[in-house]
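Peer 1: Make a model of this:
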Amino acid sequence: MKKILGVSALTLVAACLIAPKFIANEYQSKLTDFIDNINSEAGYSAKIESTESSWFGSTSKVLVEIDTTTIAPTLQGKKLSAEFELDTQFGPLLFAPQGVIGLFSTDVKLKGDEQRHYLNWSAETPLYTLSLISNLFGDLQFADYIPAFSNKAQTLSVSEYSGHGKLANDKLIYNGGFKAATASEQTTTTLQNVTLNLDLDADWATIRSEGFYNGNMGLNIEQITTVPQGEFDKLAVTLKTKLDDSTQLGSMQIGYAIKKIDVDGFQANDLNLVTELNNLDNQVFLDYGQLIKESVSLTPNQQFAFLQQHLDTLLAGKPEFNIVEFSGETKDGKFTANLASHLADIKNPSIAEMNDPRFWLYNAIVNANVKMDQTLLHSAVQHYVAKKMYAPLNSPEVKQQSDILIDSLVQQGIIKLENNNYSTQFHAEKGQGKIYDLAFPLM
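Peer 2: The predicted model follows:
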């Protein structure tokens, strides 16, 4: 029994001593692939400047450059550069915060010597650090960090940022955030408790492809304060994407929510706007992603040619644009609205035809509903009438004219009053509009 245990221990030790050599080759291959992926993107370049290898690890320096034209077409002939240091330990035995067994662990540092010309932060701290570990199956866990910094003019300050995530089984999960940021030039604006959340059913190649996949992304800001204008509480921006595997049609839903607004005397609560685009051909977006990889900055002619070439394919899926929800509440009452729209069956339209507003007035099929409290509509109309009459909002003439206008809309059948709520319904098709039973031409 002792001999068996001795042989097993010797075998384990030998494996731990030999394995790093094979892991090193695999790591170097992945690093080379990563560099190649950067170089395949138009406007980006990367190269390994140096590598020092040992049996149990390696240290590399990687230079990344970005053509500023990719950021703004007016910034031609300039490049942004950053040098990253990669310190890697080869497994299977690791001594990293994320785990002790795996293929490798890597600490990435951007010292930021160039960035210190226009930013201030702690002298002994890199501008950016990333720690990642690969388990024995190739799954990645990682954590990143940016120290608190400010600009030289002291008009911008941002607290430290930290995040963590994992990339495993073709799924990316990431959560990060910072506590505060303040910008002060003409006005002072402060953001508090900002968080970013990603939950994507996609590998890195799919994310870079510009195509669709199933995923959820969220940006949350607890509070935005502007001096002297006002305050925004609990802002949330969400993006949800889906891909139907059978039809290869994608969709995206973008949502905006604000719990409370108090700006220049205007107050509102629970504001929500949710829009969606449905039935978008995934292959068209993949083709566009390939096009932008090959060009630093697409010209209008390139964009026009691409759209014309893929227009029939896009329209074949019968894309939709919908406003799922537009709602909120002010001191005068609540409102809610929604809209659903798509194009009628059309074949081979040209870009010139689609640039004509009459094309959309005739071919768009639209259904919309609006509902609001009686008090809110009366308040909104009184503000409108007071502005037109150059009269005080609370004057008897303003109230009288507002009531007359609202009564006229009710008598014409444009709005209806029921249970202290005004509502209206709108339908458009073949260039004809209809509000309830009232039909009229749109063109």
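Peer 1: make it CA atoms for all contacts and neighbour counts henceforth
Peer 2: Noted.
Peer 1: residues touching residue 112, list them.
Peer 2: The contact partners of residue 112, by CA atoms under 8 Å, 6 or more residues apart in numbering, come to 82, 83, 126, 127, 128.
Peer 1: for it, phi and psi?
Peer 2: With angles defined as degrees, to the nearest 10, residue 112 sits at phi 80, psi 30.
Peer 1: Then the one 5 residues further on?
Peer 2: Comment: the main-chain dihedrals of residue 117 come out as phi -70, psi -20, following degrees, to the nearest 10.
Peer 1: cool, residue 30 as well?
Peer 2: phi -70, psi -40.
Peer 1: ok, now residue 102?
Peer 2: phi 170, psi -180.
Peer 1: quick one on the thing from earlier: what's the closest of the contacts of residue 112 to residue 50?
Peer 2: residue 83 (11.1 Å; CA to CA).
Peer 1: isn't there a strand covering that closest one?
Peer 2: Yes: assessed with DSSP: H, G, I helix; E, B strand; the rest coil, residue 83 lies in a strand.
Peer 1: Check whether residue 347 sits in a helix, strand or coil.
Peer 2: coil.
Peer 1: which non-adjacent residue is nearest it?
Peer 2: residue 312 (7.2 Å; CA to CA, 6 or more residues apart in numbering).
Peer 1: how many neighbours does the one you found have?
Peer 2: 15 (other CA atoms under 10 Å).
Peer 1: From residue 291, how far out is it?
Peer 2: Per CA to CA, to the nearest Å, residue 312 is found 18 Å from residue 291.
Peer 1: residue contacts, residue 157?
Peer 2: By CA under 8 Å, 6+ apart, the neighbours of residue 157 are 148, 149, 150, 151, 181, 182, 183.
Peer 1: Which ones among those residues map onto strands?
Peer 2: Under the assignment DSSP state E, the contacts of residue 157 contribute 149, 150, 151, 181, 182, 183 to strands.
Peer 1: Turn the residues you listed into TSV, columns for pLDDT and distance to residue 411.
Peer 2: TSV is the format used below for the ones in strands among the contacts of residue 157 (pLDDT from 0 to 100; distance: CA to CA, whole Å):
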residue	pLDDT	distance to residue 411
149	96	62
150	95	61
151	93	61
181	96	53
182	95	53
183	93	52
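Peer 1: Show me the helices in this structure, by range?
Peer 2: Ranges of helices within the chain are 2-39, 204-208, 282-293, 300-316, 351-354, 357-363, 374-389, 396-411, based on DSSP state H.
Peer 1: mind checking which of these is nearest residue 443?
Peer 2: Closest among the helices of the chain, using CA to CA: helix 357-363, at 6.8 Å.
Peer 1: Tell me which residues of that closest one come out buried.
Peer 2: 359, 360, 361, 362, 363 (16 or more other CA atoms under 10 Å).
Peer 1: With stretch 124-135 instead?
Peer 2: 126, 127, 128, 129, 130, 131, 132, 133, 134, 135.
Peer 1: Repeat that for stretch 331-343.
Peer 2: Quick answer for stretch 331-343 (16+ other CA under 10 Å): 332, 333, 334, 335, 336, 337, 338, 339, 340, 341, 342, 343.
Peer 1: Tell me which residues are up against it.
Peer 2: 267-268, 318-329, 363-376, 379.
Peer 1: Give the PyMOL command for selecting the buried subset of the residues you listed.
Peer 2: Buried residues within those, by 16+ other CA under 10 Å, are selected in PyMOL with:
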select buried, resi 267+268+318+319+320+321+322+323+324+325+326+327+328+329+363+364+365+366+367+368+370+371+372+373+374+376+379
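Peer 1: got the contact list for residue 78?
Peer 2: 67, 68, 69.
Peer 1: on that earlier part again, hmm, which two among the buried residues of stretch 124-135 are most spread apart?
Peer 2: 127 and 135 (27.0 Å).
Peer 1: you'd agree residue 318 is up against residue 281?
Peer 2: No: applying CA atoms under 8 Å as the test, residue 318 and residue 281 come out as separate, 9.4 Å apart.
Peer 1: Residue 251: neighbouring residues, count only.
Peer 2: Quick note: residue 251 (other CA under 10 Å) scores 21 neighbours.
Peer 1: From residue 244, how far off is the nearest residue in space to it that is not next to it in sequence?
Peer 2: Counting by CA to CA, 6+ apart, the nearest residue to residue 251 once its immediate chain neighbours are dropped is residue 278, at 4.3 Å. Distance from residue 278 to residue 244, counting by CA to CA: 11 Å.
Peer 1: all strands for the stretch 151-300 of the chain, in order.
Peer 2: Using DSSP state E, counting those that start in this stretch, the strands of the stretch 151-300 of the chain run over 156-158, 161-168, 171-184, 188-201, 214-227, 230-244, 249-263, 266-281.
Peer 1: Quick one: mean pLDDT for the longest one?
Peer 2: For strand 266-281, the mean pLDDT works out to 96.
Peer 1: got it, and the fifth one?
Peer 2: With pLDDT averaged residue by residue, strand 214-227 scores 95.
Peer 1: Tell me the helices and strands packed up against it.
Peer 2: Counting contacts by 3 or more CA pairs under 8 Å, 6 or more residues apart in numbering; DSSP states H and E, strand 214-227 packs against strand 188-201, strand 230-244.
Peer 1: Tell me which of those strands lies nearest to residue 35.
Peer 2: Between the helices and strands packed on strand 214-227, strand 188-201 lies closest to residue 35; by CA to CA that is 23.1 Å.
Peer 1: now that closest one against strand 230-244, angle please.
Peer 2: Angle, strand 188-201 to strand 230-244, by axes from the mean of the first three to the mean of the last three CA atoms, to 10 degrees: 20 degrees.
Peer 1: Can you give me the buried ones in strand 188-201?
Peer 2: Quick answer for strand 188-201 (16+ other CA under 10 Å): 189-201.
Peer 1: repeat for stretch 115-124
Peer 2: In stretch 115-124, counting by 16+ other CA under 10 Å, buried: 119, 120, 121.
Peer 1: Just give the closest residue to the first one, not the sequence neighbours.
Peer 2: Computed as CA to CA, 6+ apart, the closest residue to residue 119 that is not its neighbour in sequence is residue 151, at 4.4 Å.
Peer 1: And residue 164, by the same measure?
Peer 2: Residue 164 sits nearest to residue 143 (CA to CA, 6+ apart), 4.1 Å away.
Peer 1: right, and the one you found touches residue 161 too?
Peer 2: No: the criterion here is CA under 8 Å, and residue 143 misses it with residue 161 at 10.8 Å.
Peer 1: How many neighbouring residues does residue 307 have?
Peer 2: The burial count for residue 307: 17, using other CA under 10 Å.
Peer 1: quick one: it and residue 373, what's the gap?
Peer 2: In terms of CA to CA, residue 307 sits 44 Å off from residue 373.
Peer 1: Kindly report the same for residue 109.
Peer 2: For residue 109, the distance to residue 373 equals 57 Å [CA to CA].
Peer 1: if we can go back for a sec, find residues that contact each of residue 278 and residue 244.
Peer 2: What both residue 278 and residue 244 touch, as defined by CA under 8 Å, 6+ apart, is the set residue 250.
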